[in-house]
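**Student:** Below: sequence and its predicted model.
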Amino acid sequence: MYRYSTILGIESSCDDTSAAVWQNGKILANETAGQPVHEAWGGVVPELASRAHQSHILPVIQHALNRAGIGLEQLDAIACTQGPGLMGSLMVGWNTAKGLALALQKPLIGVHHLQAHVAALHLEHEVKFPLLTLLVSGGHTQLLWIPEPGRMQIVGESQDDAAGEAFDKAAKLLNLGYPGGPHIDRLASGGDPKAFSFPDSQTPDLGFSFSGIKTSLLYFLREAQKENPQFAQDRLADICASYQGQVVSSLLKRVKKAIQLYQPASMGLVGGVSANSELRRRFTELGISKQIQVCIPSFTYCTDNAAMIAQAGSMQLEQGESTPLSALPFAR
């Protein structure tokens with residue numbers, strides 16, 4: 001039986017305002033308000049994001065509580081993203097969580113955003129340990145070795161750009177809009193992944209690098225469009241399929257190395273880019289071929305959401321961890 005049976009989770013690290021209610025190991029509600037205002041700018045504008053969070057935060061929390069059928073007085077704790085993220089966005093969620101914790105006289109638990117993505121694996125899976133996890137998002141690409149609950153080690157990470165950023169920048173070059181990953185994934189399904197060749201980085205050990213493939217796409221398009229200005233439009237699906245295929249191959253190449261080194265019992269895929277259909281398919285196939293348990297959250301729990309914050313908060317609280325009201329959020 002859980003000591004903390006009902007937890008409110010709050011997430012506002014970037015451009016999604018989310019609130020969730022966790023009770024006895026189950027998510028009763030997970031509500032999120034997006035911010036389409038950023039699409040016009042091709043990326044998240046921090047000032048606009050923080051203003052939108054201020055408008056969304058209280059209605060989203062109330063909506064989650066109503067959906068769960070839970071009143072504020074029934075909450076046992078408040079879990080909230082403490083960082084990393086955009087400082088203005090973090091401040092909105094963090095100050096709201098602190099206010100609720102103070103008013104209700106309930107524990108406040110500050111959650112590390114990346115650890116919460118890993119905690120999302122536990123929402124739907126009985127995860128076996130030791131666990132190897134690939135975390136891929138717009139801002140981070142990491143390989144995490146988790147030999148047992150509560151112990152986590154970064155064994156590989158990007159030396160420059162994240163995989164999600166590589167997709168976003170490619171989509172910008174192709175005039176596909178923001179966020180770029182879903183557009184590229186959709187178009188790639190109708191293209192030939194072997195139509196064009198893009199380079200893999202030559203990083204040592206388990207390191208990642210995606211600046212090179214972004215640059216190669218830029219020069220590839222520039223040269224091709226000298227002869228045919230409509231080249232990108234004419235071969236859009238093939239370009240997306242080839243580019244996406246190489247990004248996924250670069251990720252899985254390091255995962256395969258890590259499997260050989262660490263011999264995990266399970267492997268997890270988390271973060272916003274884990275919603276990519278090719279990555280999910282090939283990651284699953286790799287796990288099956290190695291006879292390793294594969295854990296991938298549902299699409300709802302891949303992108304930034306408060307359910308993973310509430311889950312991570314519950315795990316920390318069960319270990320006796322809480323956060324003083326004097327604590328501040330951190331951007332990095």
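**Tutor:** That came through fine.
**Student:** could you pull out the helices for the chain?
**Tutor:** Secondary structure of the chain by DSSP state H: the helices cover 46-68, 87-104, 113-119, 163-173, 180-188, 211-227, 231-234, 236-262, 277-289, 306-318.
**Student:** taking the mean pLDDT, what do you get for the fifth one?
**Tutor:** The one in question is helix 180-188. Taken as a whole, helix 180-188 has a mean pLDDT of 96.
**Student:** Equivalent analysis for stretch 281-292, please.
**Tutor:** Mean pLDDT, stretch 281-292: 98.
**Student:** can you check stretch 300-317 too?
**Tutor:** The pLDDT scores in stretch 300-317 average 96.
**Student:** quick revisit: among the helices of the chain, show me which one is buried the most.
**Tutor:** helix 306-318 (a mean of 28; mean count of other Cβ atoms under 10 Å). Any C-beta I mention is one placed from the backbone N, CA and C, and that applies to glycine too.
**Student:** can you give me the angle it makes with helix 87-104?
**Tutor:** 50 degrees (axes from the mean of the first three to the mean of the last three Cα atoms, to 10 degrees).
**Student:** Can you tell me what sits against helix 306-318?
**Tutor:** Helix 306-318 is contacted by residues 2-4, 7-11, 18-22, 25, 27, 30-32, 64, 77, 79-81, 107, 109, 111-112, 115-120, 122-123, 149, 297, 300-301, 322 when judged by Cβ atoms under 8 Å, 6 or more residues apart in numbering.
**Student:** let's see 6 Å
**Tutor:** Here helix 306-318 makes contact (Cβ atoms under 6 Å, 6 or more residues apart in numbering) with 4, 7, 9-11, 18-20, 22, 27, 30, 77, 79, 81, 109, 111, 115-116, 119-120, 122-123, 301.
**Student:** circling back to that earlier point, CSV for the helices of the chain, including distance to Ser326?
**Tutor:** Below are the helices of the chain laid out as CSV (distance: least, Cβ to Cβ, whole Å):
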stretch, distance to Ser326
helix 46-68, 21
helix 87-104, 9
helix 113-119, 20
helix 163-173, 33
helix 180-188, 38
helix 211-227, 39
helix 231-234, 53
helix 236-262, 39
helix 277-289, 41
helix 306-318, 18
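**Student:** To Phe330, which of those helices lies closest?
**Tutor:** Shortest distance between Phe330 and those, using Cβ to Cβ, is found for helix 87-104: 7.8 Å.
**Student:** Mind checking which of the contacts of helix 306-318 land in strands?
**Tutor:** Among those, DSSP state E puts 7, 9-11, 18-20, 22, 27, 30, 77, 79, 81, 109, 111 in strands.
**Student:** If any of these are buried, put those into a PyMOL selection.
**Tutor:** Buried members of these, defined by 16 or more other Cβ atoms under 10 Å, are picked up in PyMOL with:
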select buried, resi 7+9+10+11+18+19+20+22+27+30+77+79+81+109+111
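**Student:** Go through the helices of the chain and name the closest to Pro204.
**Tutor:** With Cβ to Cβ as the yardstick, what comes closest out of the helices of the chain is helix 236-262 (10.7 Å).
**Student:** just how off-centre is that closest one within its chain?
**Tutor:** 17 Å (Cα atoms, centre = their mean, to the nearest Å).
**Student:** what angle separates it from helix 277-289?
**Tutor:** Using the same axes, to 10 degrees: helix 236-262 against helix 277-289 is 30 degrees.
**Student:** Run a quick neighbour tally on Asn175.
**Tutor:** Using other Cβ atoms under 10 Å, Asn175 is surrounded by 11 other residues.
**Student:** before we move on, what about Ala327?
**Tutor:** By other Cβ under 10 Å, the residues close to Ala327 number 13.
**Student:** so Gln159 makes contact with Ser211?
**Tutor:** No: contact status for Gln159 versus Ser211: not in contact, 8.4 Å apart, counting by Cβ atoms under 6 Å.
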